[in-house]
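Visitor: What follows is a predicted structure for the sequence shown.
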Amino acid sequence: EKIEITKEQQALMKIILDAYNRHQIPQDVAKKLLQDQYSAEENFLLLTEMATSQVQVLVEFTKNIPGFLSLDHEDQIALLKGSAVEAMFLRSAQVFSRKMPKGHTEVLEARIRKSGISEEFMTPMFNFYKSIGELHMVQEEQALLTAITILTPDRPHVKDQHAVERLQESMLDVLRKLCALQHPQEPQYFARLLGRLTELRTLNHYHTEMLTSWRMNDHKFTPLLCEIWDVQ
Ligand SMILES: CC(C)c1onc(-c2c(Cl)cccc2Cl)c1COc1ccc(-c2ccc3[nH]c(C(=O)O)cc3c2)cc1
């Protein structure tokens, strides 16, 4: 059937895309990836700085999602805490799939591989990065998928799940139409994108273990990361 994106869906798309493009890690922070210290300690500190900067970027992006600020305030916090790791996997995955300037991709991978993360988490992590790269998502799809991840109703401690569901459904509807228009010869493309969200949720579990093993080796996080990840 003829698929058309309505005027208000176009407006929603534009708001999400502008927010997504506006809120990027500051280039002076991203450039630190290129500095030449490569010890596990140095890498951990740098990744901690990037994650902290990325959480700040994520909060700003989330505030621009139409309807988010009208949600119950405690639910807003519960959604941010529940989705932060997944949103950061999505964002860091885009660094790997997009050919970054001056080889950021290679150095980010090298630093992640040598930052005290155990081998058993490396495989699922880099499999995810590869599976995102293979999708060749356009910016609009990346922005919508991030908003959809944040608006997941069944995060821990969310009280009014229906209010979150309504916001997520309107994003899913726009993404579904966009996928059909962008990939007419791949009717299952939308389903493949949603399959990545399922894969993301399994990474949460690995990430919790990563945090525990870092803490066992007395690694310190920033106050913002401690707050969002309920550590220390
Ligand atoms: C606290 C640190 C050690 C940490 O714990 N878990 C993770 C962790 C890990 Cl490894 C993997 C996945 C998720 C998390 Cl959340 C991390 C490091 O997290 C990030 C690392 C890099 C980036 C990131 C995001 C956007 C970027 N753009 C550019 C650019 O060059 O433009 C570089 C860049 C880096 C984001 C989070």
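Guide: Thanks, I have it.
Visitor: any idea how far the residue lying closest to V138 once chain neighbours are set aside is from L45?
Guide: Spatial nearest neighbour of V138, excluding adjacent residues (CB to CB, 6 or more residues apart in numbering): Q182 at 6.2 Å. Placement of C-beta: from N, CA and C, glycine included. Separation of Q182 from L45 (CB to CB, to the nearest Å): 39 Å.
Visitor: can you give me the helices for the protein?
Guide: 7-22, 27-31, 40-63, 73-97, 104-113, 119-133, 139-150, 161-182, 189-216, 223-229 (DSSP state H).
Visitor: hmm, back to that, settle this for me: the residue nearest to V138 is touching M137, isn't it.
Guide: No. Under the criterion of CB atoms under 8 Å, Q182 makes no contact with M137, lying 9.1 Å away.
Visitor: quick one, which of these two is more surrounded?
Guide: M137 (23 against 14; other CB atoms under 10 Å).
Visitor: Wait, that one touches L193, no?
Guide: Yes. Counting by CB under 8 Å, M137 does reach L193; the two are 7.4 Å apart.
Visitor: Pull up the overlap in contacts between these two.
Guide: L145 (CB atoms under 8 Å, 6 or more residues apart in numbering).
Visitor: Near the ligand, which residues of the protein? Just list them.
Guide: Selection of the chain residues close to the ligand by CB under 6 Å from any ligand atom yields 25, 30, 44, 47-48, 50-51, 54, 85, 88-89, 91-92, 95, 100, 104, 108, 112, 221, 225.
Visitor: give the contact list for L46.
Guide: Residues in contact with L46 (CB under 8 Å, 6+ apart) are K32, L33, Q35, R111.
Visitor: one more time with 10 Å, if that's ok
Guide: Contacts for L46 (CB atoms under 10 Å, 6 or more residues apart in numbering) come out as V29, K32, L33, Q35, Q37, Y38, V107, L108, R111, S115.
Visitor: Buried ones among those?
Guide: Neighbour counting over these (16 or more other CB atoms under 10 Å) leaves V29, K32, L33, V107, L108, R111, S115 as the buried ones.
Visitor: mind listing what the closest residue to S213 other than its chain neighbours touches?
Guide: Counting by CB to CB, 6+ apart, S213 lies nearest to S118, which is 6.2 Å off, once chain neighbours are set aside. Neighbouring residues of S118 by CB under 10 Å, 6+ apart: Y206, E209, M210, S213.
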